[in-house]
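Asks: what follows is a protein structure lacking sequence information:
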């Protein structure tokens, strides 16, 4: 009888042919977060009382008056296209109203009240578990981004798969004028649904000085059990973590410095893609995650980067990642097309306007997923998150990132997609509009790939080693192989090769027959069927891509690496 486990005896032939079954024997140690940094015991109770924050009136959930996508816009703006019901979640919109205080922020000093008792009405979007059995007790409260002059929930797009898997509730807060009152804001988009909302006191408040107290009151509504609860019948949350991207990170940095000392209504803050200098005398944890693009563009200032990690501050930087990236644009694009009428720049199939193909493919969102989990453990157990190296620079005025011979950034958190490259991903680009924020991604040539990876196994070995090291370091969460990005990378690789005439549409269809169910199985955590189905993808590639060995190997590299990683995940789950 064979000494190989049953899986290897029944493995698709490509695994045995390539010798990849050995790659499945590398032990995957629990991550630092799971093993060493969480002390035993009962989680600490929240110290965020919000005692001085007024509780707003909550109305809802607001009923839809049309189907999602109908031109009458009788549904929530950017209503999700995720099948929430299938995973035990629900999406609901609420209106909150009350009177708010205007604050003047003062750098790292506590804000000052400039006036009080200003009426307002705005909305919050809630995506939450239906039952307590699914709820992990943590709410992620996102300060919606308004850089495009409408509400955009960046962090939901980036991390919603992980938030759902882990049982978080997510609440998006429309706190700023542009999101409601701009020519493309909520009120113009659907006067019937949003016409009564107002965060300007009838146009007399022409800045965002009310936004801070509005955000505090939205969080207070989530924490309160009186009146209409935005969380329905769920238990009161243990913790509320505020998050925001880009301009919202800047608003939350001001909030952290100036408002949190007065409001004390949140348990921690995640600043994504920006956030300025932070005061150092507070006890509320703050986690800052930035891409290479944020560093290269100066969105994160040199002074802010210079702030050292402390018992209440962590700063991570992800090499090769961009401010707006492939994950964000491909998730957000269809909803923007539905509700605004146009795709964002860089969306697949749309004309490219930047100097280089835009949007880094480095999956920074996987690191962001780990950030949220670390932040919970930080608040709940006092478990200090791991530190991380900074991206290396050759200059600060203007910022200049140090790069290797291929043009890859040095230093920082280095995911396999950067450290074991198939593409040159960068946080930088040039061109009109948001090109400078979208970064770039250029596939390596066949000759470069052959020189870097003489065999498929050499690529697999390096990818597995780097990914496991990042999991052990705590930069990636356990269960990271359930992320759909592993599969979407293969989907897009196949599509690129079809567009280039290197794979026929018939062959691509045969590959997708196995890849699509492999993705469904793998993202659901069913590793064994995903492995077998991916094996069939590789077998099909070997049989069908015969005239272009480089195209065949391109498919085999990514498929085989994912099989090896899934094998480790399967073994750890036993």
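Replies: That came through, no problem. This structure is a prediction, so every number in the text was calculated from the model and none was measured.
Asks: rest of the way, CA atoms for contacts and neighbours
Replies: Fine.
Asks: quick one: average pLDDT of the helix or strand encompassing residue 569?
Replies: Assigned by DSSP states H and E, residue 569 belongs to helix 549-573. Helix 549-573 shows a mean pLDDT of 93.
Asks: same question for stretch 188-205.
Replies: 97.
Asks: so where's this protein shaky on pLDDT?
Replies: 1-40 (pLDDT under 70).
Asks: ok, which stretches of it are strands?
Replies: 57-59, 89-106, 109-129, 138-143, 169-173, 239-245, 268-272, 286-291, 313-318, 393-396, 399-401, 423-426, 440-443 (DSSP state E).
Asks: picking up where we left off before, now for the helix holding residue 569, which elements pack on it?
Replies: Applying 3 or more Cα pairs under 8 Å, 6 or more residues apart in numbering; DSSP states H and E, one finds that helix 549-573 contacts helix 456-473, helix 485-499, helix 527-544.
Asks: what's the closest residue in space to residue 356 that isn't next to it in sequence in contact with, if anything?
Replies: Of all residues not flanking residue 356 in the chain, residue 440 sits nearest, at 5.9 Å (Cα to Cα, 6 or more residues apart in numbering). Each residue near residue 440 by Cα atoms under 8 Å, 6 or more residues apart in numbering is listed here: 322, 356, 357, 358, 359, 360, 424, 425, 426, 427, 428, 429.
Asks: isn't the third one up against residue 438?
Replies: It stands for residue 357. No - contact criterion Cα atoms under 8 Å: residue 357 and residue 438 do not qualify, at 9.5 Å.
Asks: those two: which has the busier surroundings?
Replies: residue 438 (28 against 18; other Cα atoms under 10 Å).
Asks: for the more buried one, give its distance to residue 158.
Replies: 15 Å (Cα to Cα, to the nearest Å).
Asks: contacts only, for the closest residue in space to residue 106 that isn't next to it in sequence.
Replies: Closest residue to residue 106 apart from its sequence neighbours, by Cα to Cα, 6+ apart: residue 258 at 7.0 Å. Residue 258 makes contact with 105, 106, 107, 108, 109, 110, 111, 112 under the criterion Cα under 8 Å, 6+ apart.
Asks: likewise residue 515?
Replies: Here residue 515 is in contact with 487, 491, 533, 534, 537 (Cα under 8 Å, 6+ apart).
Asks: relative to residue 535, how far out is it?
Replies: Taking Cα to Cα, one finds residue 515 at 9 Å from residue 535.
Asks: likewise for residue 447?
Replies: Counting by Cα to Cα, the gap from residue 447 to residue 535 is 26 Å.
Asks: compare these two (neighbour count), which wins?
Replies: Neighbour comparison, residue 447 and residue 535: the larger count goes to residue 535, with 24 against 10 (by other Cα under 10 Å).
Asks: right, and the strands of the chain - which one's nearest residue 456?
Replies: Shortest distance between residue 456 and the strands of the chain, using Cα to Cα, is found for strand 423-426: 15.9 Å.
Asks: just checking, residue 260 touches residue 268?
Replies: No - under the criterion of Cα under 8 Å, residue 260 makes no contact with residue 268, lying 9.8 Å away.
Asks: tell me the centre residue of this protein?
Replies: residue 158 (2.6 Å; Cα atoms, centre = their mean).
Asks: got the contact list for that one?
Replies: Residue 158 neighbours (Cα under 8 Å, 6+ apart): 327, 328, 331, 365.
Asks: nearest to residue 139 among those?
Replies: For the contacts of residue 158, the nearest to residue 139 is residue 365 (18.1 Å; Cα to Cα).
Asks: and the closest residue to residue 558 other than its chain neighbours, what is it in contact with?
Replies: Excluding its sequence neighbours, the residue lying closest to residue 558 (Cα to Cα, 6+ apart) is residue 490, at 6.6 Å. By Cα under 8 Å, 6+ apart, the contact set of residue 490 is 555, 558, 559.
Asks: could you check how far the second one is from residue 455?
Replies: Taken as Cα to Cα, the spacing of residue 558 relative to residue 455 amounts to 12 Å.
Asks: same question, the first one
Replies: When distances are taken as Cα to Cα, residue 555 and residue 455 turn out to be 13 Å apart.
Asks: returning to that earlier point: now do the buried residues in the helix holding residue 569.
Replies: 550-570 (16 or more other Cα atoms under 10 Å).
Asks: related to what we said a few turns ago, most neighbours among the contacts of residue 440, please name it.
Replies: residue 322 (35 neighbours).
Asks: no further questions, thank you.
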